[in-house]
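Undergrad: Please find the sequence and the predicted model below.
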Amino acid sequence: MADRTSIADKVREIAERVASSEGLEIVDVQMLGGGGTRVLRIFIDKPQGVTHADCEFISQQVGTILDVEDVIPGAHYTLEVSSPGVERKLTKPRDFERFVGQKVKIALRQPVENQRHWVGALKSFAEGIITLEPSPGHSVQFPLDQVERANLKFEW
């Protein structure tokens, strides 16, 4: 039986192939649950925002390929496709480049200035270094590989 990670990796590979032709980005692929209640979740995004039609397209195209190639053993699963939402995860260098100027929430592996959790404006990302401005005139820097978790922070 293939494990969740290898299934998710295979699904991501297929989804990226389908998505790239439509200018869509695969943000995340998650395989959740077990047995007959497995859920395969694919999060997609594009600069101008994801439409219902984008989700439907990915769902149909990827779903068909998964069934034909029998990627998910046992075939009992629910496929969900959605946008990452306003507080999307940031994981890849291009995520940090794309969202410069936005407010972000970051958890670090090691503390910087005695704290691991930071919220602030993403000032820049260059050569693997993130510059965050938690308050006007105060910047902190840390390498991308020190980031445990990062999300956009939505202001209500």
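TA: Right, received. Where do you want to start?
Undergrad: Backbone dihedrals for R38, please?
TA: phi -80, psi 140 (degrees, to the nearest 10).
Undergrad: residues touching it, list them.
TA: Taking Cβ atoms under 8 Å, 6 or more residues apart in numbering, we find R38 in contact with 31-32, 72, 74, 76-78. Using the backbone N, CA and C atoms, a C-beta is placed for each residue, glycine as well.
Undergrad: Filter these down to the buried ones.
TA: Neighbour-count burial (16 or more other Cβ atoms under 10 Å) applied to those gives 31, 72, 77.
Undergrad: ok but the second one is inside a helix, no?
TA: No. When DSSP: H, G, I helix; E, B strand; the rest coil is applied, I72 is found to be coil, with no helix at that position.
Undergrad: you'd agree it is up against A8?
TA: No. Contact between I72 and A8 fails when scored by Cβ atoms under 8 Å: they sit 10.2 Å apart.
Undergrad: Would you mind splitting this protein into its domains for me?
TA: As assigned by automatic domain parsing, the chain contains the domains 4-82, 93-152.
Undergrad: Can you say which helix or strand has the residue most central in space within the chain in it?
TA: Centroid-nearest residue in the chain, with Cα atoms, centre = their mean: V27, separated by 3.4 Å. Using DSSP states H and E, V27 sits within strand 25-32.
Undergrad: At which residues are the helices of the protein located?
TA: Under the criterion DSSP state H, the chain carries helices at the ranges 4-20, 52-68, 93-98.
Undergrad: Tell me which residues are up against the longest strand along the chain.
TA: Taking DSSP state E as the criterion, the chain has its longest strand at strand 115-126. Strand 115-126 is contacted by residues 93, 96-97, 99-110, 112, 130-135, 139-140, 144, 148, 153 when judged by Cβ under 8 Å, 6+ apart.
Undergrad: outside of stretch 85-95, which residues touch it?
TA: With contact meaning Cβ under 8 Å, 6+ apart, stretch 85-95 is reached by 27-28, 43, 45, 96, 99, 104-105, 125, 128, 144, 149-154.
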